[in-house]
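>>> structure for this input, please:
(one chain, ligands or ions: 2)
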Amino acid sequence: MSDCIFCKIINREIPSKPVYENDRVYAFHDINPEAPVHVLIVPKEHIASHNELTVENVGIMKDIHLAANEIAKQLGVAETGYRLINNCGTHAGQTVFHLHYHLVGGKPMGSKIL
Ligand code: 5GP
Ligand code: ZN
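Ligands and ions are numbered 1, 2, ... in the order given. Below you'll find the model as predicted:
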């Protein structure tokens with residue numbers, strides 16, 4: 001998608017701070033971190049949101065979740081804990097319509113979801 005900010009980040013048209021990469025997934029530090037660790041994990045394929053996951057493309061979720069495990073270990077939050085968050089759509093606060101998971105940690109976040 002030519003006008004998608006995360007596609008531009010994946011294609012290195014916009015700079016980012018890389019954390020993890022393989023053939024299918026890229027992860028980078030959020031530009032506006034809300035916790036000491038705040039990484040965005042994105043598929044290299046443009047998928048607009050969780051709503052657009054299908055039988056054909058859902059295999060990417062395996063890559064995203066395995067990347068999250070690697071990143072959590074790499075950044076030292078695997079043991080202390082972290083949240084893996086997807087905002088799907090406007091009411092959830094999704095602002096970038098390229099599927100992404102926030103990996104946030106590095107501080108206690110309490111037990112409430114909201
Ligand atoms: P959403 O609200 O869609 O779930 O999350 C979008 C996230 O992307 C936000 O946390 C925001 O800070 C981050 N973000 C937006 N633009 C950029 C950018 O150009 N670079 C990086 N690294 N993060 C961005
Ligand atoms: Zn995109």
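
>>> so Phe28 is in contact with Leu40, correct?
Yes - contact criterion C-beta atoms under 8 Å: Phe28 and Leu40 qualify, at 5.9 Å. Glycine gets a C-beta too; all of them are placed from N, C-alpha and C.

>>> low-confidence stretches in this protein?
Residues of the chain meeting the criterion pLDDT under 70: none.

>>> could you confirm whether any residue of the longest helix seen in the chain contacts ligand 2?
Ranked by residue count under DSSP state H, the longest helix found in the chain is helix 60-74. No - against ligand 2, helix 60-74 shows no contacts by C-beta under 5 Å from the ion, the least distance being 12.8 Å.

>>> which secondary structure elements does that helix sit against?
Packing partners of helix 60-74 (3 or more C-beta pairs under 8 Å, 6 or more residues apart in numbering; DSSP states H and E): strand 18-21, strand 25-29, strand 37-43, strand 82-85, strand 101-105.
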